[in-house]
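Peer 1: take a look and give me a structure for this.
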Amino acid sequence: MSTATLNKSELMAPAVAQTIQQRSLVIGALGAVLTIAGWFVAGTDAAKTDFLSAYLIGFMFWLGLSLGCMAIVMLYHLVGGKWGTVIRRILEAGMTTLPLMAILFIPIVMNLPRLYFWARPEELAKDPKIAEIAHSYLNFNGILIRAIFYFAIWIGMTYFLSRWSSEQDTPEGGQKSTLRFRAMSSLGLVIYSLTISFAVIDWVMSLQARWISTIYGLLFVAGEALCAFCFAVVIESILSKRKPMSEYLTTTEVHDHGKLMLAFVMVWAYFNFSQWLIIWAGNLPEEIPWYVRRMNGGWGGVGLFLVFFHFALPFILLLSRNLKKNVHQLALLASWLIFMRIVDIFWHIEPAFHPEFHLSWVHFAVVIGMGGLWIAYFFRNLRSRPLLAVYAPQTLKHLEHSHG
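Peer 2: Residues are numbered from 1 along each chain as shown. Okay, here's the model as predicted:
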């Protein structure tokens, strides 16, 4: 493929993308049916709460993947590099699934009293301190208004990033300055970090509202970025067997992706260890119980599983240059890290509801159901545009270098 004969049709996603989209939609529909059935089968209040805790886990995972894709896109626009040119459209297709996640948030906001103890008047009567916080911040109107604000900001940023990217599929648009991408991304990364931090406080940390951590939002920022990068590696591995990806994806970009995966694995571990060390060393009565609960009742085993298989093993494997240059081996490790991201969110959320280890079929049904819908939407977005921004300066330079 040369730059002289470059056109949109040569860069469209292969037929396998449509096949995966259709199968994902079927899986998502089946999962949705099982999820809805799980709600109606749950006859008691406790069973409905168990269902909603599983729903929150699935929601936070797939929302995080969407937001992680947006964050990596903005990072690429700030720093540039060939590593981002080949996966830019994959990430853009991922970030534009946010409207779906906004819709999937509705069951959460409509069931606050079942999920959050601060939304139940009888619980507030027992704790004046939490009652004061609930009156001023943690309440239905506050959660709803802030959620609308978060999603409006996120969807707005993805809209402009995607729209400007689509303009670069035309010769005229390709000549436009990339300064607007940098301006949006420099401010956008700050806004993303702040909004997801407050969203995590609202939706996850407030499950145990007496506990606070100033680094908590960064745990999710690092996890979402790592998950998005792993997802991009998996998709590029699927597409690398077929044109056009097979013609412009080289071992150099794959190696870069492996190095960035290693960096995000270390950042995730650093933030988690920092939070644990500071809280444990401080030995404060309102902070320690969060870890005490997650170190007992079987949850400690999950925590150790995360230490060894979300950090230690991936870290060792990603030190291998050969593995980082093999897209299929790297994709296998990336798939494992995506699974570990689900385990990580499960470890954060589920102990707030169950002091003893708890896992049910609903957890699988929700994650798979949401995932089927998310992936179907993702491939719909991916198939709507070429896999490279056709006339973007970075694309032209990349193709000239690859075929020079």
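
Peer 1: confidence score at residue 122?
Peer 2: You'll see residue 122 listed with a pLDDT of 88.

Peer 1: next: residue 174.
Peer 2: 67.

Peer 1: also residue 67?
Peer 2: At residue 67, pLDDT is 98.

Peer 1: ok, it touching residue 193?
Peer 2: No: Residue 67 is not in contact with residue 193 according to C-beta atoms under 8 Å; the separation is 10.3 Å. All C-beta spots, glycine's among them, are computed from the backbone N, C-alpha and C.

Peer 1: quick check, central residue of the protein?
Peer 2: residue 65 (1.9 Å; C-alpha atoms, centre = their mean).

Peer 1: ranges for the strands of the protein?
Peer 2: Counting by DSSP state E, one finds no strands in the chain.

Peer 1: longest helix of it?
Peer 2: Counting residues, the longest helix found in the chain (DSSP state H) is helix 45-79.

Peer 1: mind listing what's buried along that one?
Peer 2: 48-77 (16 or more other C-beta atoms under 10 Å).

Peer 1: again with stretch 245-256
Peer 2: In stretch 245-256, counting by 16+ other C-beta under 10 Å, buried: 245, 248-250, 253-256.

Peer 1: so for that stretch, mean pLDDT?
Peer 2: Per-residue scores along stretch 245-256 average to 91.

Peer 1: same question, stretch 280-288
Peer 2: 83.

Peer 1: got any ranges where the chain has weak pLDDT?
Peer 2: 1-7, 43, 174-175, 399-404 (pLDDT under 70).

Peer 1: quick revisit: could I get the buried residues of stretch 245-256 as JSON lines with distance to residue 22?
Peer 2: Formatted as JSON lines, the buried residues of stretch 245-256 follow (distance: C-beta to C-beta, whole Å):
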{"residue": "245", "distance to residue 22": "20"}
{"residue": "248", "distance to residue 22": "26"}
{"residue": "249", "distance to residue 22": "25"}
{"residue": "250", "distance to residue 22": "30"}
{"residue": "253", "distance to residue 22": "29"}
{"residue": "254", "distance to residue 22": "28"}
{"residue": "255", "distance to residue 22": "33"}
{"residue": "256", "distance to residue 22": "32"}
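
Peer 1: can you tell me which of those are in helices?
Peer 2: 245, 248, 253-256.

Peer 1: so the residue nearest to the centre of the chain makes contact with residue 231?
Peer 2: Yes: at 6.1 Å, residue 65 counts as touching residue 231 under the criterion of C-beta under 8 Å.
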